[in-house]
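# What follows is a predicted structure for the sequence shown.
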Amino acid sequence: MAKKSNDLLDVLQMLVETPGPSGSEHLIRSKIEDDIRDHVDEIYTDALGNLVAKKGSKKEGGKRVMVSSHVDEIGLMVTHIDDNGFARFITIGGVSPFTCIGGRVLFMNGSQGVIGMERLDKDEHPSLEKLFIDTGATSKTDSKIGVGDVAGFERPFVNLGKRLVAKSMDDRAAVAVTIEALKAVKKSPNEIYFVFSVQEEVGLRGAITAAYGVDPEVGIAVDVTRTGDTPKGVKMEVALGKGPAIKVRDSSFIADPRVVNWMVDEAKAQNLPYQMEVLEAGGTDGAAIQRTRAGVPAGCLSIPCRYIHSPSEMVDADDLQHCVSLLAGLLSKEIGI
């Protein structure tokens, strides 16, 4: 069993308990910048809001590498407030009504609320149109929120020992892995750009512009992926506790076979457990990196995660630490691609 880093878990808890739905990533970006500033050579925020941290310079045999993990999370945006103070909303990213009912939300202005549902007719299924947010307001004028205000789900980080539960493990688990790998890389022939991208949940928007700006020679996305290890769950080989998943393809891109083999070889060299991932639905920043400019060899390291896009996503502590080791190892050596 891999040694569980208290630093890794502390960073993860800080990340998942900081709100930051797509388009409202300023708080989480600031916390990441504070944590990594002393470990990189250059750091800046680009025009779209991506945090870009450069470490090292390209030496003989090295490459310019982009590592991207997205900082945004799914959320809600207010569209209307009725005379009684109840707020209607649209979703930011893939939010299911089934995971909303009774959930608590935290607005970026600090206001809190609970999601309620209208009475349903017999055989009627929950839909977003039937849901509303109750902030405790007694009227429209009494409401502390307004049209356009953004909220994320509000749940604490829970350490179950081997398994960890929180909202926004997608993709804060990968952000934590990226941060710890960044700190672990002490010497490398590569010029590494760690990109903490924005607006992934609404179309990979941050990674698209960041990849154009960085112009990498190799790209690695770090994200979560679904598992097939729950009762009557989706049929796929990935499971919690069996190591990082090396993506072969998802619905947004086919990973470059050279990158896939490079990742597999490094996992074997370190004697790390790993899994091969074929994801039927879903995409990552890897697709954005792959398609930038004239094209980039790109792949993705995935963290197995149960209950994705719910307020209680679950990952395995050993998987996280193994992913840190694998990513740091990949970045510390010459890349033969």
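Okay, I see it. Numbering: from 1, shown residues only.

# tell me which residues in stretch 58-73 are buried?
Applying a neighbour-count criterion of 16 or more other CB atoms under 10 Å, the buried positions in stretch 58-73 are Gly62, Lys63, Arg64, Val65, Met66, Val67, Ser68, Ser69, His70, Val71, Asp72, Glu73. Just so you know, the C-beta spots here come from the backbone N, C-alpha and C atoms, and that holds for glycine as well.

# Check the spacing between the first one and Glu180 real quick.
When CB to CB, to the nearest Å is the yardstick, Gly62 and Glu180 sit 22 Å from each other.

# do the same with the fourth one
Using CB to CB, one obtains 17 Å as the distance from Val65 to Glu180.

# Asp82: neighbour count?
In terms of burial, Asp82 registers 12 neighbours under the definition other CB atoms under 10 Å.

# My error: substitute Cys300 in the last question.
33.

# Is it bridged to anything, and to what?
For Cys300, the beta-bridge partners are Ala221 (DSSP bridges).

# can you pull out the strands in the stretch 101-250 of the chain?
With DSSP state E, counting those that start in this stretch as the definition, the stretch 101-250 of the chain shows strands at residue ranges 104-107, 112-117, 131-134, 150-153, 158-159, 163-166, 191-197, 218-225, 245-249.

# Columns mean pLDDT on top of those, output as TSV?
Converted to TSV, the strands of the stretch 101-250 of the chain look like this (pLDDT from 0 to 100):
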stretch	mean pLDDT
strand 104-107	97
strand 112-117	97
strand 131-134	97
strand 150-153	97
strand 158-159	96
strand 163-166	98
strand 191-197	98
strand 218-225	98
strand 245-249	97
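
# can I get the ones you listed in TSV with distance to Asp319 and mean neighbour count?
Supplementary listing: the strands of the stretch 101-250 of the chain in TSV, determined by distance: least, CB to CB, whole Å; neighbours: other CB atoms under 10 Å:
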stretch	distance to Asp319	mean neighbour count
strand 104-107	27	21
strand 112-117	30	18
strand 131-134	33	21
strand 150-153	23	24
strand 158-159	14	14
strand 163-166	10	20
strand 191-197	20	27
strand 218-225	10	27
strand 245-249	9	22
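
# any chance of these in a markdown table, with distance to Gly329 too?
Output for these, formatted as a markdown table (distance: least, CB to CB, whole Å):
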| stretch | distance to Gly329 |
| --- | --- |
| strand 104-107 | 37 |
| strand 112-117 | 42 |
| strand 131-134 | 45 |
| strand 150-153 | 33 |
| strand 158-159 | 26 |
| strand 163-166 | 23 |
| strand 191-197 | 13 |
| strand 218-225 | 12 |
| strand 245-249 | 13 |
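
# wait, which of the ones you listed is closest to Glu334?
Between Glu334 and these, the shortest gap by CB to CB is with strand 218-225, which sits at 11.2 Å.

# From the contact counts, what lies against that closest one?
strand 64-70, helix 169-184, helix 285-290, strand 298-304, helix 317-331 (3 or more CB pairs under 8 Å, 6 or more residues apart in numbering; DSSP states H and E).

# Any chance of the ones you listed in JSON lines with distance to Ser127 as columns?
Output for the helices and strands packed on strand 218-225, formatted as JSON lines (distance: least, CB to CB, whole Å):
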{"stretch": "strand 64-70", "distance to Ser127": "28"}
{"stretch": "helix 169-184", "distance to Ser127": "23"}
{"stretch": "helix 285-290", "distance to Ser127": "30"}
{"stretch": "strand 298-304", "distance to Ser127": "30"}
{"stretch": "helix 317-331", "distance to Ser127": "35"}
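
# So for Asp35, which of these sits nearest?
Nearest to Asp35 among those is helix 169-184 (6.2 Å), distances taken as CB to CB.

# Specify the stretch among the strands of the stretch 101-250 of the chain that is closest to Thr79.
Across the strands of the stretch 101-250 of the chain, closest to Thr79 is strand 131-134 (CB to CB), at 10.6 Å.

# Check which helices and strands the closest one is in contact with.
Counting contacts by 3+ CB pairs under 8 Å, 6+ apart, strand 131-134 packs against strand 87-92, strand 112-117.

# roughly how far is the last one from the heart of the chain?
From the chain centre to the centre of strand 112-117 is a distance of 25 Å (CA atoms, centre = their mean, to the nearest Å).

# is it possible to export the helices and strands packed on strand 131-134 to a markdown table including distance to Ile81?
Formatted as a markdown table, these follow (distance: least, CB to CB, whole Å):
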| stretch | distance to Ile81 |
| --- | --- |
| strand 87-92 | 5 |
| strand 112-117 | 11 |
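
# Quick one: neighbours of Asp34, just the number.
10.

# my bad, Met14
Based on other CB under 10 Å, the number of other residues close to Met14 is 18.

# Just give the nearest non-adjacent residue to Pro19, would you?
For Pro19, the nearest residue in space outside its immediate sequence neighbours is Gly152; the separation is 4.4 Å by CB to CB, 6 or more residues apart in numbering.

# Also Val95?
Ile74 (5.2 Å).

# Please apply the same query to Leu164.
With CB to CB, 6+ apart as the measure, Val315 is the residue that lies nearest to Leu164, at 5.4 Å, once sequence neighbours are left out.

# try Asp170
With CB to CB, 6+ apart as the criterion, Asp170 has its nearest non-adjacent residue at 4.7 Å, and that residue is Val224.
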